[in-house]
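**Student:** Here is my input, please return the structure:
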Amino acid sequence: MKHFTIHNLQSAAPNARPILEGLAKMVGFVPNVFAVMGGSASALNGFVEVTKQFGASSLNATEREIVHIATSVENGCSYCVAGHTGFAKAQKVDDAVIEAVRTRGTIADPKLAALHDFTRALVIKRGHVEQSELERFRAAGYTEAQVYEVIIGISEKTISNLTSISLDLPLDEAFKPFAWEPEEARIAA
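**Tutor:** The predicted structure is shown next:
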């Protein structure tokens, strides 16, 4: 890791401590990507709020994890792919779906495949998607509101991707069984 502190409840900024305490209760530990932001209550609050809003979207757990993992794969974020693989497994997301997203493979369910493709297109093209890509996403059964929800999910994950990559965050013990390297996705692509 580059020279940044992974905070704990004692070293975190006073206004960040309650947020980290809440995360520890909810997740069972404070993931490093949140802990490193513990030095700035503003940064941590912003990230947590975007995370909450995406969690409150109309997308179900499988769909949210597809957005999280696909964004992280396209951004080459080993930390976030591993972390969200763990979260996806905890939420009982189908292993075949998880593996397809981790490797840029094919998802058998056409609606989930459309979400995967749309998410990847938004990230790869930095939002400059074609009208036909929007139409394919909508034709698969997604709404206009869900276009915005996918964008919020990508935004949330981009915050953690940039944080994790730029600081070279070490994987939390809980995420180590799900380690991933960008080469895995390049080989399958």
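
**Student:** then the helix or strand encompassing Ile66 to CSV, C-alphas only?
**Tutor:** Assessed by DSSP states H and E, Ile66 sits inside helix 61-74. The C-alpha coordinates for helix 61-74 follow below in CSV (Å, rounded to 0.1, in the frame of the first residue of the first chain):
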residue,chain,number,x,y,z
ALA,A,61,-29.1,-7.8,-5.1
THR,A,62,-28.0,-9.8,-8.1
GLU,A,63,-28.4,-6.8,-10.4
ARG,A,64,-26.5,-4.5,-8.0
GLU,A,65,-23.6,-7.0,-7.8
ILE,A,66,-23.4,-7.3,-11.5
VAL,A,67,-23.1,-3.5,-11.7
HIS,A,68,-20.5,-3.5,-8.9
ILE,A,69,-18.4,-6.4,-10.3
ALA,A,70,-18.6,-5.4,-14.0
THR,A,71,-17.5,-1.8,-13.2
SER,A,72,-14.6,-3.1,-11.1
VAL,A,73,-13.5,-5.5,-13.8
GLU,A,74,-13.6,-2.8,-16.5
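
**Student:** next SSE after it?
**Tutor:** helix 78-90.

**Student:** Would you tell me what the next helix or strand after that following helix is?
**Tutor:** Downstream of helix 78-90, the first helix or strand assigned by DSSP H and E is helix 95-102.

**Student:** For the helix or strand following that next one, give the mean pLDDT please.
**Tutor:** Per DSSP H and E, the first helix or strand lying C-terminal to helix 95-102 is helix 110-124. Averaged over helix 110-124, pLDDT sits at 98.

**Student:** And Trp180, its phi and psi?
**Tutor:** phi -150, psi 140 (degrees, to the nearest 10).
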